[in-house]
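[1] all I have is the shape, not the residue letters:
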């Protein structure tokens, strides 16, 4: 299996390049199907990535070590994108150096370093899909990170193209005969 | 010269030591003022943790100027134990980056653009000196661990006088006199890359 930290790096690199063409779009606009603006969605991606790094290192039994990472309000989209890249680099570094026994709280199941890598991939890729949809620029998620995230977090996922399956798992699209999900959550618990 | 792995290990030692000390005071009032600094205990500890996250970000983004577009906040009701967890995480995140980034990485800092080993030393200063401040506020003793202190002094204060490393670091950071040397009222470290 490819290293989860490498897959996270691949996913974040894909996110950073996929967001570049959206910077001409008004990031104050609402994100398609979400309650956040595009700016807030980007802020959320970065906040999740660095927040997960806090969970693996701080190893809280409950709650979040780093509850919130707001960007400065006058942050421009290119800076926000750079910050997503930094947050991804921090999470992958922490995933690489975490002890195998490291556990951190998440409301969808206390998880381990590989689990938080998978969660980081989901947050980065799925919200980048959201932002590209909002900007009217359809985008395909990279296959290998998507497949890893599905395998790690959605054990009951149906077969199919990894990018499509991940988007179905997260309630973004229908998948073949399966209708779009309106409720979903991943299972980050540690696998034996 | 201390390499990155050794610098990260020393940062871990410093943070472990600081966290053990801070945990002795979690029953105290962290919303009260500091003994010798502006701001509250919460703000001081938050500052130390945030500094380490900022240094970690710098080791990825390699900024050439001050602009870092984020503000690490904590929930208004974060209790002292949560603040200590933030220090644990900040230290571990910075140590992780110090271990894994290329030695060529450079990040802007107002006291001189620095490298991974330099940012590890800065993390040590922020953690140990502010833990000293907090201990002073609560009236407890705190002895800075010798090896991380010696490393931080050697890396960041090239003109420091001789002496016990913990005492020298506290003198360098304007916290205490050192023998006949008066307490400093102005000071800054030099984080620039050594050759």
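    Arrived safely, thanks for sending. Everything numeric in this text was worked out from a predicted model, so none of it was measured. Residues are numbered from 1 along each chain as shown, chains lettered A, B, ... in the order given.
[2] tell me how far the nearest residue to residue B:183 once chain neighbours are set aside lies from residue B:162.
    The spatially closest residue to residue B:183, leaving aside those adjacent along the chain, is residue B:177, at 4.6 Å (C-beta to C-beta, 6 or more residues apart in numbering or on different chains). For every residue, glycine as well, the C-beta is placed using N, CA and C. According to C-beta to C-beta, to the nearest Å, residue B:177 and residue B:162 sit 15 Å apart.
[3] just give me the neighbour total for residue B:108.
    17 (other C-beta atoms under 10 Å in any protein chain shown).
[4] tell me the centre residue of the chain?
    Just going to use chain A. residue A:123 (1.6 Å; C-alpha atoms, centre = their mean).
[5] actually, chain B is the one I wanted.
    Short answer for chain B (C-alpha atoms, centre = their mean): residue B:126, at 1.8 Å.
[6] can you confirm it is in a strand?
    No: counting by DSSP: H, G, I helix; E, B strand; the rest coil, residue B:126 falls outside a strand, being helix.
[7] didn't it look like it was pressed against residue B:48?
    Yes: counting by C-beta atoms under 8 Å, residue B:48 is a contact partner of residue B:126 at 4.7 Å.
[8] who's more crowded, residue B:177 and residue B:162?
    Shown here are residue B:177 and residue B:162; by other C-beta under 10 Å, residue B:177 has more neighbours (12 against 8).
[9] could you find the closest non-adjacent residue to residue B:117?
    Residue B:117 sits nearest to residue B:7 (C-beta to C-beta, 6+ apart), 4.5 Å away.
[10] for the chain, which segments count as helices?
    You didn't say which chain, so I picked chain A. A:4-19, A:38-58, A:77-97, A:113-134, A:143-153, A:162-169 (DSSP state H).
[11] try chain B instead
    B:4-23, B:41-61, B:80-100, B:116-138, B:146-156, B:165-172.
[12] what separates the last one from the chain centre, distance-wise?
    Shown here is helix B:165-172, whose average C-alpha point lies 13 Å from the average C-alpha point of the whole chain (C-alpha atoms, centre = their mean, to the nearest Å).
[13] what comes into contact with it?
    Helix B:165-172 is touched from outside by B:125, B:128-129, B:132, B:143-147, B:149-150, B:152-153, B:156-157, B:160-163, B:176-178, B:181, B:183-184, B:187, B:189, with contacts defined as C-beta atoms under 8 Å, 6 or more residues apart in numbering or on different chains.
[14] now that we have those, which of them are buried?
    Buried members of the contacts of helix B:165-172, scored by 16 or more other C-beta atoms under 10 Å in any protein chain shown, are B:125, B:128-129, B:132, B:144-145, B:149-150, B:152-153, B:156-157, B:160, B:176, B:178, B:189.
[15] just for chain A, where's the confidence low?
    Scanning chain A with the threshold set as pLDDT under 70 gives A:1.
[16] who in it is up against chain B?
    A:46, A:50, A:53-54, A:57-60, A:63, A:65-72, A:75, A:79-80, A:82-83, A:85-87, A:89-90, A:93-94, A:96-98 (C-beta under 8 Å from any C-beta of the partner chain).
[17] hmm, which of these are the buried ones?
    Applying 16+ other C-beta under 10 Å to the residues of chain A next to chain B flags A:46, A:50, A:53-54, A:57-60, A:63, A:65-67, A:69, A:71, A:75, A:79-80, A:82-83, A:85-87, A:89-90, A:93-94, A:96-98 as buried.
[18] one step back: for residue B:39, which of the helices of chain A is the nearest?
    Distance to residue B:39, taken as C-beta to C-beta, is lowest for helix A:38-58 among the helices of chain A, at 22.6 Å.
[19] tell me the angle the closest one makes with helix A:4-19.
    170 degrees (axes from the mean of the first three to the mean of the last three C-alpha atoms, to 10 degrees).
[20] which strands and helices lie in contact with helix A:38-58?
    Helices and strands touching helix A:38-58, by 3 or more C-beta pairs under 8 Å, 6 or more residues apart in numbering or on different chains; DSSP states H and E, are helix A:4-19, helix A:77-97, helix A:113-134, helix B:80-100.
[21] if we can go back for a sec, residues contacting the residue nearest to residue B:117?
    Counting by C-beta under 8 Å, 6+ apart, residue B:7 makes contact with B:98, B:116, B:117, B:120, B:121, B:151.
[22] next one, pLDDT for the first one please.
    Turning to residue B:98, the model gives it a pLDDT of 97.
[23] that one: neighbouring residues, count only.
    If we define neighbours as other C-beta under 10 Å, then residue B:98 has 31 of them.
[24] pretty sure it contacts residue B:118?
    No: if you go by C-beta under 8 Å, residue B:98 and residue B:118 don't touch, sitting 9.7 Å apart.
[25] isn't the residue nearest to the centre of chain A right next to residue A:46, touching?
    No: with contact defined as C-beta under 8 Å, residue A:123 does not count as touching residue A:46 (9.3 Å).
[26] if we ignore the residues flanking it in sequence, what's nearest residue B:120?
    Per C-beta to C-beta, 6+ apart, closest to residue B:120 is residue B:7, 3.8 Å.
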